[in-house]
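In: No sequence on hand, only this structure:
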C-alpha cells in the first residue's frame, strides 16, 4: 500500500488512460481524399465504372451457374455500390471542405491586399494633391518660357525704337558741304595761319 502511494506522485501528471487511437496526418489524408474525389469526378471513372458493371451483369447472367459468384438480384454488387457511395460522400465532402478553406484563405489575402492597395492609393492621392498645392507658387517650365519670350519681344521692341530714334536724330542734323571748313578755333597746330600767309601766330 505504501509503495502504491509512493508511485502516485502529485508533482507529475497521470498517464492518459483509455484507448490510444493512431494519429493520422490530416494534411496527407486530405490530399489523398482530394485525389480520390478528383478522380471520381472525371469521365474516365464513369466509363470504367460502366464497363465493370456491364461485365458484372453479363458474367452473372450468361456464365454457367457454377461460375456465377453473384446471381440475379446482384446482392453483392448492391453491397459494393453501397460501400462505394458511403465512402465517396465523406471523401467528396472532405475535399470540398479543404477547397473551401483554401478559398477562405485566398479571399482573406485578397481582402488584405485590396486594403493595402486602397491605403496606398489614398496616400498617393494625398501626396499628389500636396504637390499640386506646392507647385502652385513655383514657376513651371511653360511659365518661364512664356516670360522669356515676352522679355525677348520687349527687348526687340526697345532695340527697334532705339534704331528709329537714332535714325530720326541723324536726319535732323544738317549735313556739312564737302568744301566747307569745320567750325573750330584758329590755332597754329593745324596750319590756319600758314594758309593766311602768316608764319607766326599773333601774340
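Out: Looks like it arrived, so ask away. Just so you know, these numbers come straight off a predicted model, no measurement behind them.
In: from here on, contacts and neighbour counts on C-alpha atoms
Out: Noted.
In: residues contacting residue 77?
Out: Residue 77 makes contacts with residue 70, as judged by CA atoms under 8 Å, 6 or more residues apart in numbering.
In: try residue 140
Out: So residue 140 contacts nothing (CA under 8 Å, 6+ apart).
In: count of neighbours near residue 37?
Out: Counted with other CA atoms under 10 Å, residues neighbouring residue 37 total 20.
In: Provide a list of residues in contact with residue 151.
Out: Per CA under 8 Å, 6+ apart, neighbours of residue 151: none.
In: Read off the pLDDT value for it.
Out: As predicted, residue 151 sits at a pLDDT of 90.
In: pLDDT below threshold where in this protein?
Out: For the chain, residues meeting the criterion pLDDT under 70 lie at 1-8, 15-21, 136-139, 173-203.
In: Show me the longest helix that occurs in it.
Out: helix 75-135 (DSSP state H).
In: Check the offset of that helix from the chain's centre.
Out: Distance of helix 75-135 from the chain centroid (CA atoms, centre = their mean, to the nearest Å) equals 20 Å.
In: Ok, stretch 148-157 next?
Out: For stretch 148-157, the distance to the chain centre is 47 Å (CA atoms, centre = their mean).
In: Same check on stretch 142-150?
Out: 38 Å.
In: contact partners of that stretch?
Out: So stretch 142-150 is in contact with no residue, going by CA under 8 Å, 6+ apart.
In: got it, and stretch 57-74?
Out: 76-77.
In: Please report how far the residue most central in space within the chain lies from residue 26.
Out: Central residue of the chain (CA atoms, centre = their mean): residue 117, 8.9 Å from the mean position. As judged by CA to CA, to the nearest Å, residue 117 and residue 26 stand 35 Å apart.
In: got it, and residue 121?
Out: 41 Å.
In: repeat for residue 144
Out: Taking CA to CA, one finds residue 144 at 72 Å from residue 26.
In: ok, back up a step: more crowded one of residue 121 and residue 26?
Out: More crowded of residue 121 and residue 26, by other CA under 10 Å: residue 121, with 12 against 9.
In: separation between that one and residue 112?
Out: Distance from residue 121 to residue 112, by CA to CA: 14 Å.
In: what's the burial count for residue 88?
Out: 16.
In: Next: residue 92.
Out: 19.
In: distance of it from residue 52?
Out: On the measure of CA to CA, residue 92 and residue 52 end up 22 Å apart.
In: again with residue 14
Out: 55 Å.
In: Looking at those two now, which is surrounded by more residues?
Out: Counting neighbours by other CA under 10 Å for residue 14 and for residue 52 shows that residue 52 has the greater number, 12 against 9.
In: Could you look up the SS state of residue 71?
Out: coil (DSSP: H, G, I helix; E, B strand; the rest coil).
In: please begin residue numbering at 31 from this point
Out: Understood, numbering begins at 31; the last thing we discussed is residue 101.
In: Quick check: phi and psi on it?
Out: Residue 101 has phi and psi values of phi -70, psi -180 when expressed as degrees, to the nearest 10.
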